[in-house]
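Novice: for reference, the sequence and a predicted model appear below.
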There are 2 protein chains.
Amino acid sequence: MKTRDRILHTSLRLFNEMGEPSVTTLFIADELDISPGNLYYHFKSKTDILEELFQQFEECMYSILIVPESEMDIEDLWFYLHLIFENIAKFQFLYKDLVTIMAKYPQFEKRFQKILNTKRKASISVLENARKNERLHASTDEIEALTEQIILTTTFWLSYSSVREGQVADDALARGVYQVMSVVAPFLEPERRAMINGLKDAYL
Amino acid sequence: MKTRDRILHTSLRLFNEMGEPSVTTLFIADELDISPGNLYYHFKSKTDILEELFQQFEECMYSILIVPESEMDIEDLWFYLHLIFENIAKFQFLYKDLVTIMAKYPQFEKRFQKILNTKRKASISVLENARKNERLHASTDEIEALTEQIILTTTFWLSYSSVREGQVADDALARGVYQVMSVVAPFLEPERRAMINGLKDAYL
């Protein structure tokens, strides 16, 4: 791996493990066993490293948030949500210190809001589709409240897990998926609610 | 007001407005127009100020989280939740930078977890009561998932609002209450769901 990529890779790991506020460029250089000058040759500051990682995060999220045209059934949805949670976990440092990071690096704020909006559109599109196909029974108000709940849960589930248990547990992602599904469940037919419980028993 | 109380009062306001990580004791002294030495006479460090504010927060939360013995109807629940959100808003700096603050001041972590547990017990008690009185139709699994969703939503609603809109909007508390109620609504009789919509129309 090239030095530049090693810096990005190690920075991401350290940010995720220790929280972005606790990691300095000096610490990153030390962990990589390179001189601060060498790190500085590739990245002028921690902000430059964050900028590059944030771009990677954006690319990952936008590539996932393209909702498949075809109808998704419960199992597809479970795996789709799991994929979203995996990407959030990959960049969990952003989510765990979200308000702090947005205040410290205001250049990311609008871009993060845009991702939230894309998530919102994806969620509404999936729910409206399910309603059209009579798999979901919910009013427009209910779909709106559901969407808020889905965005809130995907955004803060890892923070919640880490505060509640002092760390992100191994099954945190699957639990997050189940939690999102449990919000939608009451609006589905009994048959599909049973599928959710089956997936819960299989993965939790 | 005594200097000591003025320091606490102003610190709380500044933490809430600017975020705890951006506020120094020097800034607090400056805002109060007192010398750093005078502030230091009352509080040896920012941590001492935070300790006192955290105690106030704990007292507020524990006094609210005693669930009334009597059955609460939809309107009581709405106001009870509003009271909880008001207290969270009063100490919003804790919630907005939650993961950051818990990492920086580990002495608060277990105490915050204890509050989350007390919230969990309060929520389960209210939901189980409603089930006993046949006002709520939910399985034990559903009550558990509902409780997680209620704790997650009360804990992170203000962070979510502030990230989504760049600030905590005026109607954020009422929106938070509605959001919690909307998660419980599908498990209620149509009559009570209509009451929630009535309260939404009145307060949002």
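Specialist: Sure, I can see it.
Novice: what about the single nearest residue of chain A relative to chain B, how many residues nearby?
Specialist: Closest contact between chain A and chain B, by Cβ to the nearest Cβ, is at A:Pro186 (3.4 Å). All C-beta spots, glycine's among them, are computed from the backbone N, C-alpha and C. Residues lying near A:Pro186 (other Cβ atoms under 10 Å in any protein chain shown) number 20.
Novice: OK, contacts around the closest residue to it other than its chain neighbours?
Specialist: Spatially, and ignoring its direct neighbours in sequence, A:Pro186 is nearest to B:Pro186 (3.4 Å; Cβ to Cβ, 6 or more residues apart in numbering or on different chains). Listed by Cβ atoms under 8 Å, 6 or more residues apart in numbering or on different chains, the contact set of B:Pro186 reads A:Pro186, A:Phe187, B:Arg193.
Novice: looking at chain A, which helix is longest?
Specialist: Assignment by DSSP state H gives helix A:140-165 as the longest helix of chain A.
Novice: do that one and chain B meet?
Specialist: Yes. Using Cβ under 8 Å from any Cβ of the partner chain, we find that helix A:140-165 touches chain B at A:141-142, A:145-146, A:148-149, A:151-153, A:155-157, A:159-160, A:162-164.
Novice: can you flag the buried ones in the residues you listed?
Specialist: Neighbour counting over the residues of helix A:140-165 next to chain B (16 or more other Cβ atoms under 10 Å in any protein chain shown) leaves A:142, A:145-146, A:148-149, A:151-153, A:155-157, A:159-160, A:162-164 as the buried ones.
Novice: could you list the domains of chain A?
Specialist: What automatic domain parsing lists as the domains of chain A is A:1-44, A:50-203.
Novice: leaving aside the residues adjacent along the chain, what's closest to A:Ile143?
Specialist: A:Leu127 (4.9 Å).
Novice: sec struct for the one you found, please.
Specialist: Of the three states, A:Leu127 takes helix under DSSP: H, G, I helix; E, B strand; the rest coil.
Novice: same question for A:Lys44.
Specialist: coil.
Novice: what about it, how many residues nearby?
Specialist: Neighbours around A:Lys44, by other Cβ under 10 Å: 11.
Novice: cool, and A:Leu116?
Specialist: A:Leu116 has 17 nearby residues by other Cβ under 10 Å.
Novice: residue nearest the centroid of chain A?
Specialist: Nearest to the mean C-alpha position of chain A, counting by Cα atoms, centre = their mean, stands A:Ile88 at 2.4 Å.
Novice: in contact with that one, which residues?
Specialist: Counted by Cβ under 8 Å, 6+ apart, A:Ile88 has contacts A:Tyr95, A:Thr154, A:Thr155, A:Trp157, A:Leu158.
Novice: please redo it, this time with the cut-off set to 10 Å
Specialist: A:57, A:60-61, A:94-96, A:154-158, A:173, A:176 (Cβ atoms under 10 Å, 6 or more residues apart in numbering or on different chains).
Novice: and which of those is nearest B:Ser70?
Specialist: Relative to B:Ser70, the closest of these is A:Phe156; by Cβ to Cβ it sits at 32.7 Å.
Novice: could you find the closest non-adjacent residue to the closest one?
Specialist: Looking at A:Phe156 with Cβ to Cβ, 6+ apart, the closest residue is B:Phe156, at 4.0 Å.
Novice: surely that neighbour and B:Gln92 touch.
Specialist: No. Counting by Cβ atoms under 10 Å, B:Phe156 does not reach B:Gln92; the two are 11.4 Å apart.
Novice: from A:Ile150, how far out is the closest residue to A:Asp141 other than its chain neighbours?
Specialist: Once flanking residues are discounted, A:Asp141 sits nearest to B:Asn197: 7.4 Å by Cβ to Cβ, 6+ apart. Plainly put, B:Asn197 is 20 Å away from A:Ile150 if you go by Cβ to Cβ, to the nearest Å.
Novice: likewise A:Leu12?
Specialist: 26 Å.
Novice: chain A: helices as residue ranges?
Specialist: For chain A, the helices defined by DSSP H cover A:3-18, A:25-32, A:36-42, A:46-64, A:74-90, A:92-96, A:98-104, A:109-132, A:140-165, A:172-184, A:190-203.
Novice: how about those helices in JSON lines, adding distance to B:Glu52?
Specialist: Shown next, in JSON lines, are those (distance: least, Cβ to Cβ, whole Å):
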{"stretch": "helix A:3-18", "distance to B:Glu52": "28"}
{"stretch": "helix A:25-32", "distance to B:Glu52": "32"}
{"stretch": "helix A:36-42", "distance to B:Glu52": "39"}
{"stretch": "helix A:46-64", "distance to B:Glu52": "33"}
{"stretch": "helix A:74-90", "distance to B:Glu52": "35"}
{"stretch": "helix A:92-96", "distance to B:Glu52": "26"}
{"stretch": "helix A:98-104", "distance to B:Glu52": "22"}
{"stretch": "helix A:109-132", "distance to B:Glu52": "32"}
{"stretch": "helix A:140-165", "distance to B:Glu52": "22"}
{"stretch": "helix A:172-184", "distance to B:Glu52": "33"}
{"stretch": "helix A:190-203", "distance to B:Glu52": "44"}
